[in-house]
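In: take a look and give me a structure for this.
(2 chains)
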There are 2 protein chains.
Amino acid sequence: MSATHTPHPYYPLDLILDHYVPNTYTMRDTLIVLFSTFGAITVGSIALSYQKRTTTIRGLGNQLTFVWFVMSGFIHLFLEGYFGVYHRTLAGDQSPLAQVWKEYALSDSRYLSSDSFVLIMERITAFAWGPLAFFTAYAMYHNRPSRHIAQLVVSLGQLYGCVLYYATTLVEGSPHCDPRPYYYYFYFVFFNIFWIVIPIILMHNSVKNLYRAMKVSVEAENQSKKVKKSK
Amino acid sequence: MSATHTPHPYYPLDLILDHYVPNTYTMRDTLIVLFSTFGAITVGSIALSYQKRTTTIRGLGNQLTFVWFVMSGFIHLFLEGYFGVYHRTLAGDQSPLAQVWKEYALSDSRYLSSDSFVLIMERITAFAWGPLAFFTAYAMYHNRPSRHIAQLVVSLGQLYGCVLYYATTLVEGSPHCDPRPYYYYFYFVFFNIFWIVIPIILMHNSVKNLYRAMKVSVEAENQSKKVKKSK
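Out: Okay, the predicted model is just below:
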């Protein structure tokens, strides 16, 4: 790297990020702010779902699913939305959300270099899956017939996005990741694996419910055909 | 570009493709082979759907949908699957499928440079959406309850993949495309726009059918709760 470029802690080491400014928050402060926000969202959504514990959001599984969609909605729309809008100047940005991204980017510098795949995938996640995740939580709350359709669509969108996200850097040998285990396994692997595991479980759950309803519908249709024929 | 690199007709002009060998087929021959294959698949799938014209595949809309999924299955699994497996050596490959890709790559060189997003997206399209497209055609043919679930999943997968495909190069100013209108509008825009327009129509169709079935199911559930309460 030429001596005229701004030094930075990101991989690959020859990445040029001349607008980079180090965070003013420490790693510990950044994580405390982030996890406190996640905690508040969890508490708020548990309180909401608790009101419906005997009607539409019954059982631990449904309650956790409700929390998941509210949390996904916030993360997609605000955290990922911030990146989707301000990606170009992120490396020199000192807002709390930007400092979270600059910390996370140690495990994936594509967030600071406006990688075209990460940018478009994150914009779709923020502005399509984000609102649709909130809608899914709303549809659960009111037991709307659209609930499992929305759940299937959001979950497939999250899963496809996350598989592409992992695989596009893994296939290159993860040049964008700091190889130290803390960044690689905690930030890159652990922070994202939720969007692989949980969507698979929720897709399975939605497909099962949709299949059951379609089976009744197809059988009723066949039955009415038989009745017509026998008349 | 250094004089020691193999000259090639692809964009960006400084792309290094030292294993490039020009096609032995002309553009005209390549397109004739490609469209003859598409024609044969269309005729075959129309013949199949014609057998079910009075039962499971009724009306022009359903017949065209059936042809679409059979065609998608073949294109995904064989054409895109070929790229997914042989991408590394494609620029020097003279098999008929490789010559199709080398012709198409004039509108998008990411197919010859093993761009990591295009590679992973195409592998998922080939080996997940390909078989699932065939399954959707099968489910239509036999009027299985899974038909609209499979149709929704494949269509969303195709739509998301295609939106990412267009947007990831557009956001960079399409550096991978030959800017001449024939390549840009016919190959890059026209050849791919089907996977935007048709999935949107088919997702709308599936959501409508799934919603109707779920509505009946939710109402029946509410009814049975009322009956229980009144007892």
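In: every contact and neighbour count from this point should use C-alpha atoms.
Out: Noted.
In: is chain B within reach of the helix or strand hosting residue A:138?
Out: Using DSSP states H and E, residue A:138 maps to helix A:130-141. No. Using CA under 8 Å from any CA of the partner chain, helix A:130-141 stays clear of chain B, coming no nearer than 11.8 Å.
In: in the helix or strand that comes right after that helix, what's buried?
Out: Note on helix A:130-141: by DSSP H and E, the next helix or strand toward the C-terminus is helix A:147-170. Going by neighbour count (16 or more other CA atoms under 10 Å in any protein chain shown), the buried part of helix A:147-170 is A:147-169.
In: for residue A:25, phi and psi?
Out: phi -80, psi 150 (degrees, to the nearest 10).
In: just the element for the closest residue to it other than its chain neighbours, please.
Out: Nearest in space to residue A:25, with sequence neighbours left out and distances taken as CA to CA, 6 or more residues apart in numbering or on different chains, is residue A:99 at 7.3 Å. Take DSSP H and E as the rule and residue A:99 turns out to sit in helix A:96-104.
In: what mean pLDDT does that helix get?
Out: Mean per-residue pLDDT for helix A:96-104: 96.
In: stretch A:224-231 too?
Out: 76.
In: could you pull out the helices for chain A?
Out: Counting by DSSP state H, chain A has these helices, from start to end: A:27-50, A:59-74, A:81-86, A:96-104, A:116-124, A:130-141, A:147-170, A:181, A:191-230.
In: in JSON lines: those helices, plus distance to residue B:215.
Out: Shown next, in JSON lines, are the helices of chain A (distance: least, CA to CA, whole Å):
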{"stretch": "helix A:27-50", "distance to residue B:215": "22"}
{"stretch": "helix A:59-74", "distance to residue B:215": "19"}
{"stretch": "helix A:81-86", "distance to residue B:215": "33"}
{"stretch": "helix A:96-104", "distance to residue B:215": "41"}
{"stretch": "helix A:116-124", "distance to residue B:215": "29"}
{"stretch": "helix A:130-141", "distance to residue B:215": "13"}
{"stretch": "helix A:147-170", "distance to residue B:215": "10"}
{"stretch": "helix A:181", "distance to residue B:215": "49"}
{"stretch": "helix A:191-230", "distance to residue B:215": "9"}
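In: what angle do helix A:27-50 and the helix holding residue A:138 make with each other?
Out: Using axes from the mean of the first three to the mean of the last three CA atoms, to 10 degrees, the inter-axis angle of helix A:130-141 relative to helix A:27-50 is 40 degrees.
In: just checking, what packs against helix A:130-141?
Out: The elements that helix A:130-141 packs onto, with contact taken as 3 or more CA pairs under 8 Å, 6 or more residues apart in numbering or on different chains; DSSP states H and E, are helix A:59-74, helix A:147-170.
In: now find how far off-centre the last one is within its chain.
Out: From the chain centre to the centre of helix A:147-170 is a distance of 8 Å (CA atoms, centre = their mean, to the nearest Å).
In: alongside chain B, which residues does chain A contribute?
Out: Residues of chain A lying near chain B by CA under 8 Å from any CA: A:116-117, A:120-121, A:143-146, A:149, A:153, A:156-157, A:160, A:164, A:167-169, A:171-172, A:207, A:210-211, A:213-218.
In: repeat the analysis, applying 7 Å as the threshold.
Out: A:116-117, A:120-121, A:145-146, A:164, A:167-168, A:171, A:210-211, A:213-215, A:217-218 (CA under 7 Å from any CA of the partner chain).
In: which among those residues count as buried?
Out: A:116-117, A:120-121, A:145-146, A:164, A:167-168, A:210-211, A:213-215, A:217.
In: in the helix holding residue A:99, what counts as buried?
Out: Buried, per 16+ other CA under 10 Å, within helix A:96-104: A:97, A:98, A:99, A:100, A:101, A:102, A:103, A:104.
In: now render those residues as JSON lines, adding distance to residue A:47.
Out: Shown next, in JSON lines, are the buried residues of helix A:96-104 (distance: CA to CA, whole Å):
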{"residue": "A:97", "distance to residue A:47": "26"}
{"residue": "A:98", "distance to residue A:47": "29"}
{"residue": "A:99", "distance to residue A:47": "30"}
{"residue": "A:100", "distance to residue A:47": "27"}
{"residue": "A:101", "distance to residue A:47": "29"}
{"residue": "A:102", "distance to residue A:47": "32"}
{"residue": "A:103", "distance to residue A:47": "31"}
{"residue": "A:104", "distance to residue A:47": "30"}
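In: now flag whichever of the residues you listed is closest to residue A:17.
Out: Using CA to CA, residue A:102 is the member of the buried residues of helix A:96-104 that lies nearest residue A:17, at 11.9 Å.
In: for that closest one, which non-adjacent residue is spatially closest?
Out: Closest to residue A:102 by CA to CA, 6+ apart is residue A:91, at 6.5 Å.
In: swap in residue A:177?
Out: residue A:107 is the one closest to residue A:177 (CA to CA, 6+ apart), at 4.4 Å.
In: so how far is residue B:53 from that neighbour?
Out: Plainly put, residue A:107 is 55 Å away from residue B:53 if you go by CA to CA, to the nearest Å.
In: higher neighbour count, those two?
Out: Ranked by neighbour count (other CA atoms under 10 Å in any protein chain shown), residue A:107 and residue B:53 place residue A:107 first, with 27 against 16.
In: point out where chain A drops to low pLDDT.
Out: Low-confidence segments of chain A, defined by pLDDT under 70: A:1-3, A:231.
In: how about residue A:183: what's its closest non-neighbour residue?
Out: Distance criterion CA to CA, 6+ apart; nearest residue to residue A:183, sequence neighbours excluded, is residue A:107 at 5.1 Å.
In: to clarify, my last question referred to residue A:79.
Out: Among residues not flanking residue A:79 along the chain, residue A:97 sits closest, at 6.5 Å (CA to CA, 6+ apart).
In: distance between the ends of stretch A:69-87?
Out: Stretch A:69-87 end-to-end distance (CA to CA) = 25 Å.
In: next, the buried residues of it.
Out: Buried-residue list, stretch A:69-87, by 16+ other CA under 10 Å: A:69-84, A:87.
In: now do stretch A:124-141: distance to the chain's middle.
Out: On CA atoms, centre = their mean, the centre of stretch A:124-141 falls 11 Å from the chain's centre.
In: what sits up against that stretch?
Out: Contact with stretch A:124-141 is made by A:52, A:56-57, A:66, A:69-70, A:72-73, A:76-77, A:80-81, A:146-147, A:150-151, A:154, A:157, as judged by CA atoms under 7 Å, 6 or more residues apart in numbering or on different chains.
In: hmm, back to that, mind saving the C-alpha coords of the helix holding residue A:99 as PDB?
Out: C-alpha atoms of helix A:96-104 as PDB (Å, rounded to 0.1, in the frame of the first residue of the first chain):
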ATOM      1  CA  PRO A  96     -23.900   5.500  16.400                       C
ATOM      2  CA  LEU A  97     -25.200   3.300  13.500                       C
ATOM      3  CA  ALA A  98     -22.100   4.100  11.400                       C
ATOM      4  CA  GLN A  99     -19.900   3.100  14.300                       C
ATOM      5  CA  VAL A 100     -21.700  -0.200  14.500                       C
ATOM      6  CA  TRP A 101     -21.000  -0.800  10.800                       C
ATOM      7  CA  LYS A 102     -17.400   0.200  11.100                       C
ATOM      8  CA  GLU A 103     -16.900  -2.200  13.900                       C
ATOM      9  CA  TYR A 104     -18.800  -5.000  12.000                       C
END
